[in-house]
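model the following, please.
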Amino acid sequence: MLNISTNKVNEKEVIPYYRSFQEVIDPQFARVLTYWLVGILLAFIVMLFLPWTQNIQAKGTVTTLRPEQRPQTIHSTIAGRIEKWYVTEGDTVRRGDTIVFLSEIKDDYFDPELVERTSQQVDAKEDAITAYQDKASALSGQIAALRQNRDLKLEQASNKIQQSRFKVISDSAAVVAAEIDLDIANTQYQRWDTLNKLDIKSRTDLENKLNSYRKAQAEVVEKVNKLMDSRQELLNARIAYNNITNEFNEKLAKAESDRQSALSNQFGTQADVAKLKNKRTNLEQRVSFRYITAPQDGFINKALKPGIGETVKEGEAVVSIIPLGYELAAEIFVRPVDLPLVQRGEEVRLQFDGWPAIVFSGWPNASFGTFGGLVFAVETNISSNGRYRVLIQPDPKDEVWPGPLRVGSGVEAFALLNDVPLWYEIWRQLNGFPADFYTGENAASGSSGKSGDDKSKSSGSKK
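Prediction:
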């Protein structure tokens, strides 16, 4: 009663008639309530000194440990049009199984016998190479024959030059002999002329000597002319020798030029053959690219271009596939302030979405339904969400992760750190301070203590 009215109520007269008043003013109830409040306060004070395991909490998703085991999309290597599907969504495929068939949409590849026609071009070019090789071989034989014929002709011309030289020498000697005979005839004529003037010799004898002298002069002229002819023959022989050399050099140069042209055409044709073979190989590979096959054993998740007759661009995704064999992992994102506390090999407790669990982050011994993990990798570059990505693998010493887990499921991680009093943790949280960073012996002792906790947690999860 507030007793704010002017009409006063006598407590002694009213209270006995109302049970509620009797219950409220019961002194025993007040003592019990006081005991409870004091007990709760004492329990709270005691709890403030209980040990609390510091931890880093982060959320993420279930993924795979290796990149090739994650869900992927299969792209078309060539541009084409979907003609036939060989699988449906939900099918299981093996590596190399055909998923979809594409037809060509570029006019350069419309010809269904394009590979065969390219092979015919290759064969024709290879035959041309053989013809050029035969031509080069024939020209090489012709060059060898020309050189042999040149050597014979030059030897013959050289012999003729030698003969002409000998003839010049012989004619030169004949000229000298004729000149000697001319001197003798002249001397005899002069002597007989003197004798004739002395009337010792007759006029007839003088005329005979004069006749001999005239014959000796004619003989000298004849020998000189013959010598000039011999010298002209020697000069002609030398000219013929040079003509033979020039003629055969010209023929050899032409034959060598033809041979080099044949070899050049051969090498050019060989380059064309290499290009055509490359083109043929590319066409064969392109034909194989019309069939999109599974890169690995997997599960067909979704057809991204389902319609028949739809066109697909080069590099465009056609279907998504999930690999059959994979090793599960968890990727979580931690705040930059907590990144120095996360180390490779650090033990982590994980709670998966859809898996029943009772979690006390600061008292891991009292948690149930969590699973152990180890930090496998820490990303050094910040993600687009402003946090750092951490990859966690299953702890081989802990309980096996649930079999029904699928890639993409949600996960919440607790990275266990140092043990501190509860009041210190409350004070740290109220002030926004980061968790204690410990290394060396503290880290070793902390990890050993956490391993014991993990065992109890594992046993608890098994229960």
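
what packs against the strand or helix carrying residue 244?
Residue 244 is part of helix 203-289 when elements are defined by DSSP states H and E. Helix 203-289 sits against helix 114-197, with contacts defined as 3 or more Cβ pairs under 8 Å, 6 or more residues apart in numbering; DSSP states H and E. Every C-beta, even on glycine, is put in place using the N, C-alpha and C of the backbone.

could you check the angle helix 203-289 makes with the helix it packs on?
170 degrees (axes from the mean of the first three to the mean of the last three Cα atoms, to 10 degrees).

mean confidence (pLDDT) on helix 114-197, please.
In this model, helix 114-197 has a mean pLDDT of 87.

and it, how far out from the chain's middle?
What separates the centre of helix 114-197 from the centre of its chain is 65 Å, taken as Cα atoms, centre = their mean, to the nearest Å.

what do you get for stretch 332-339?
36 Å.

list the buried residues in that stretch.
Neighbour-count burial for stretch 332-339, with 16 or more other Cβ atoms under 10 Å as criterion, is recorded at 332-334, 338-339.

so which of the residues you listed comes closest to residue 218?
Comparing the buried residues of stretch 332-339 against residue 218 with Cβ to Cβ places residue 339 closest, at 130.5 Å.

which SS class is residue 58?
With DSSP: H, G, I helix; E, B strand; the rest coil as the basis, residue 58 sits in strand.

show me the contacts for it.
By Cβ atoms under 8 Å, 6 or more residues apart in numbering, the contact set of residue 58 is 332-335, 338, 387, 390, 412-413, 415.

I'd like those residues laid out as JSON lines, including distance to residue 401.
Listed next are these as JSON lines, based on distance: Cβ to Cβ, whole Å:
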{"residue": "332", "distance to residue 401": "15"}
{"residue": "333", "distance to residue 401": "20"}
{"residue": "334", "distance to residue 401": "20"}
{"residue": "335", "distance to residue 401": "25"}
{"residue": "338", "distance to residue 401": "24"}
{"residue": "387", "distance to residue 401": "23"}
{"residue": "390", "distance to residue 401": "17"}
{"residue": "412", "distance to residue 401": "14"}
{"residue": "413", "distance to residue 401": "13"}
{"residue": "415", "distance to residue 401": "17"}
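
which of these fall in strands?
332-334, 390, 412-413, 415 (DSSP state E).

could you single out the nearest of the residues you listed to residue 273?
Among the ones in strands among the contacts of residue 58, and counting by Cβ to Cβ, the member closest to residue 273 is residue 390, at 56.6 Å.

quick check: pLDDT value at the closest one.
For residue 390, the predicted pLDDT is 92.

tally of neighbours for it?
Neighbourhood size, residue 390 [other Cβ atoms under 10 Å]: 26.

got a list of what it touches?
58, 60, 331-334, 342, 375, 377-379, 413.

out of the residues you listed, who's nearest residue 113?
Nearest member of the contacts of residue 390 to residue 113, counting by Cβ to Cβ, is residue 331, at 51.5 Å.

which residues does the closest one form a beta bridge with?
residue 61, residue 391 (DSSP bridges).

for the contacts of residue 58, which one is nearest residue 253?
Looking across the contacts of residue 58 and measuring by Cβ to Cβ, the closest to residue 253 is residue 390, at 79.4 Å.

could you measure from the closest one over to residue 113?
57 Å (Cβ to Cβ, to the nearest Å).

and for residue 100?
The value you get for residue 100 to residue 113, if Cβ to Cβ is used, is 24 Å.

the more surrounded of the two?
Per other Cβ under 10 Å, whichever of residue 100 and residue 113 has more neighbours is residue 100, with 24 against 9.

my read: the more buried one touches residue 86, true?
Yes. Between residue 100 and residue 86 there is a contact under Cβ atoms under 8 Å: 6.6 Å.

where exactly do the strands run in the stretch 1-150 of the chain?
Per DSSP state E, counting those that start in this stretch, the stretch 1-150 of the chain carries strands over the ranges 51-64, 72-75, 80-85, 92-93, 98-104.

give me the phi and psi angles of the residue of the chain most remote from its centre.
What lies farthest from the middle of the chain is residue 199; by Cα atoms, centre = their mean that is 125.9 Å. Recorded main-chain torsions at residue 199 are phi 60, psi 30, according to degrees, to the nearest 10.

that one and residue 295, how far apart?
Taken as Cβ to Cβ, the span from residue 199 to residue 295 is 142 Å.

shaky segments in this protein?
Residues of the chain meeting the criterion pLDDT under 70: 1-30, 52-55, 201, 357-369, 415-422, 424-425, 428-429, 432-463.

before we move on, what SS does the residue nearest to residue 100 when sequence neighbours are not counted have?
Leaving aside its sequence neighbours, residue 100 sits nearest to residue 292 (Cβ to Cβ, 6 or more residues apart in numbering; 4.9 Å). Of the three states, residue 292 takes strand under three-state DSSP.

list the contacts of residue 292.
Applying Cβ under 8 Å, 6+ apart to residue 292 gives the contacts 74, 76, 98-102, 318-319.

and those, which are buried?
74, 76, 99-100, 102, 318-319.

export those as CSV, with columns for distance to residue 277.
CSV is the format used below for these (distance: Cβ to Cβ, whole Å):
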residue, distance to residue 277
74, 29
76, 26
99, 30
100, 30
102, 25
318, 30
319, 33
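
contact partners of stretch 214-221?
Under Cβ under 8 Å, 6+ apart, the answer for stretch 214-221 is 175, 178-179, 181-182, 184-186.

for stretch 121-136, same thing?
Contacts of stretch 121-136 (Cβ under 8 Å, 6+ apart): 258-259, 262-263, 265-266, 269-270, 272-273, 276-277, 280.

let's see it at 7 Å
259, 262-263, 265-266, 269-270, 272-273, 276-277, 280 (Cβ atoms under 7 Å, 6 or more residues apart in numbering).

and it, what's buried?
Buried-residue list, stretch 121-136, by 16+ other Cβ under 10 Å: 121-122, 125-126, 128-129, 132, 135-136.

re earlier: distance to residue 39 for the ones in strands among the contacts of residue 58 - can I get that in CSV?
Formatted as CSV, the ones in strands among the contacts of residue 58 follow (distance: Cβ to Cβ, whole Å):
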residue, distance to residue 39
332, 41
333, 43
334, 40
390, 43
412, 35
413, 37
415, 36
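
nearest to residue 166, of these?
Among the ones in strands among the contacts of residue 58, and counting by Cβ to Cβ, the member closest to residue 166 is residue 390, at 108.8 Å.

how near is residue 303 to residue 87?
From residue 303 to residue 87 the distance is 8 Å (Cβ to Cβ).

ugh, wrong one, I meant residue 45
Taken as Cβ to Cβ, the span from residue 45 to residue 87 is 67 Å.

can you check residue 75 too?
If you go by Cβ to Cβ, the gap between residue 75 and residue 87 works out to 16 Å.

apart from its neighbours in sequence, what residue is nearest residue 165?
Closest to residue 165 by Cβ to Cβ, 6+ apart is residue 234, at 5.7 Å.
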